[in-house]
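In: my questions concern the predicted model and sequence given below.
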Amino acid sequence: MKPSRMLFLGSAVVAALAIPAFLNTSLAAPPAPPNTPPAATAQPACKTFGAGKCCDPNVTMHLAKEAIFAACGESDATFLGEAASKETCKFHFKVEGENSENTYVQVYVPVVKEVPQTPTDPFMSYKKVGKVWMTDKAKSPKAAPILANSTGMWLPGKGFFVSVAASTKVCTKNEAVTLSKSIK
């Protein structure tokens, strides 16, 4: 190879390496001016209850807060916030004379390998209402108070099921039937 071609080739390689470095420095954002306050802390995208955190959209897509408002006669005025835990979202509501820890609608959506076609609850029997299974009778005297204070709803899916427990102080039995139509 001729020395002039080697020089040209060498110059092309140096230029190819230098151009990206030049562009990175010339297009970089200027430094922040001195005494600039730090960026505001991001606010949660939801109203949380207590020390709770926002619920996972993979859980709330099966039963939205707005569906609870519509079926159970609740609103932003009575909504205290949501609290998330693993595969669960609890929507808490203000009910006159009641402890807010006990006035909620809870949605539980676990991922499971095999989903039974009917609920397998040792304490309650269920009846099918539309596409959802709803608690019907307590199987023991000890389970009777649970049934009196909440309505259970259950819907099988593919690789998961949706279980909803609605306090009767928030959502009456008749309202729970309406709410069951919104479970997906």
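Out: Thanks, I have the structure now.
In: any idea which residue sits dead centre in this protein?
Out: The residue lying closest to the centre of the chain (Cα atoms, centre = their mean) is residue 56, at 2.4 Å.
In: what about the closest residue in space to it that isn't next to it in sequence, helix or strand, and which?
Out: Ranked by Cβ to Cβ, 6 or more residues apart in numbering and with sequence neighbours excluded, the top spatial neighbour of residue 56 is residue 84, at 6.1 Å. Every residue, glycine included, has its C-beta placed from N, CA and C. Using DSSP states H and E, residue 84 sits in strand 79-85.
In: between the next helix or strand after that strand and strand 79-85, how many degrees?
Out: Next helix or strand after strand 79-85 toward the C-terminus (DSSP H and E): strand 88-93. Counting by axes from the mean of the first three to the mean of the last three Cα atoms, to 10 degrees, strand 88-93 lies at 160 degrees to strand 79-85.
In: what's in contact with strand 88-93?
Out: Residues from elsewhere that reach strand 88-93, judged by Cβ atoms under 8 Å, 6 or more residues apart in numbering: 49, 52, 55-56, 59-60, 65, 68, 74, 78-84, 100-101, 103-109, 167, 170.
In: ok, now with 7 Å
Out: Strand 88-93 is contacted from outside by 49, 55, 59-60, 65, 68, 74, 78-83, 100, 103-108, 170, using Cβ atoms under 7 Å, 6 or more residues apart in numbering.
In: those residues, buried ones only, as a PyMOL selection?
Out: To isolate in PyMOL the members of the contacts of strand 88-93 that are buried, counting by 16 or more other Cβ atoms under 10 Å, one can use:
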select buried, resi 49+55+59+60+65+68+74+78+79+80+81+82+83+103+104+105+106+107+108+170
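In: what are the ranges of the helices in the chain?
Out: Taking DSSP state H as the criterion, the chain carries its helices at 3-26, 57-60, 65-72, 144-149, 173-180.
In: for the last one, packing partners?
Out: The helices and strands touching helix 173-180, judged by 3 or more Cβ pairs under 7 Å, 6 or more residues apart in numbering; DSSP states H and E, are helix 65-72, strand 132-138, strand 150-156.
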